[in-house]
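**Student:** Coordinates for the following, if possible.
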Amino acid sequence: MAKAVWNGKVVAESDKTRIVEGNMYFPLDSIQREYFRPSSTISTDPIKGQARYYTIIVDGQENPDAAWYYPDPKPVARSIKNHIAFWRGVEVEK
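**Tutor:** Below you'll find the model as predicted:
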């Protein structure tokens with residue numbers, strides 16, 4: 001079972017993760033939604049498409065844009081549709 005942990009809390013947990021380009025992607029339905037707030041940040045990857053971000057908030061501490069996902073990935077990245085990945089200090093354990 002893989003876990004994503006930030007500020008001492010498990011923010012996502014799943015046994016159905018996918019690894020793409022060294023990043024572990026969790027199914028969107030595996031996140032603890034109370035810790036996530038949509039961000040206005042958008043970035044574009046030439047291979048995967050447009051990414052959107054979430055800020056993670058745990059015990060009043062914010063980690064801006066610490067999670068990202070591709071709402072409509074390009075065909076080559078279809079396997080990560082409805083999946084989310086983490087960075088910026090979020091510990092991912094398998």
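**Student:** how near is residue 63 to residue 4?
**Tutor:** Here residue 63 is placed at a distance of 11 Å from residue 4 (CB to CB, to the nearest Å). In short, each C-beta sits where N, CA and C put it, glycine included.
**Student:** So between those two, which is more surrounded?
**Tutor:** When residue 63 and residue 4 are compared for neighbours, residue 4 comes out ahead with 27 against 20, by other CB atoms under 10 Å.
**Student:** Report the contact partners of the more buried one.
**Tutor:** For residue 4, the contacting residues are 10-13, 24, 26, 67, 86, 90-92, by CB atoms under 8 Å, 6 or more residues apart in numbering.
**Student:** what do you get if the cut-off is 6 Å, keeping everything else the same?
**Tutor:** Neighbour list for residue 4: 11-12, 86, 90, 92 [criterion: CB atoms under 6 Å, 6 or more residues apart in numbering].
**Student:** Let's see which of the residues you listed end up in helices.
**Tutor:** In this view, these have no member that belongs to helices under DSSP state H.
**Student:** can you give me the strands in the chain?
**Tutor:** With DSSP state E as the criterion, the chain has strands at 2-6, 9-14, 18-20, 23-27, 36-45, 49-58, 61-69, 83-86, 91-93.
**Student:** Okay, buried residues for the fourth one please.
**Tutor:** In other words, strand 23-27. Neighbour counts using 16 or more other CB atoms under 10 Å place 24-27 of strand 23-27 among the buried residues.
**Student:** okay, these in TSV with pLDDT and distance to residue 36 next?
**Tutor:** Below are the buried residues of strand 23-27 laid out as TSV (pLDDT from 0 to 100; distance: CB to CB, whole Å):
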residue	pLDDT	distance to residue 36
24	97	17
25	98	15
26	98	12
27	98	14
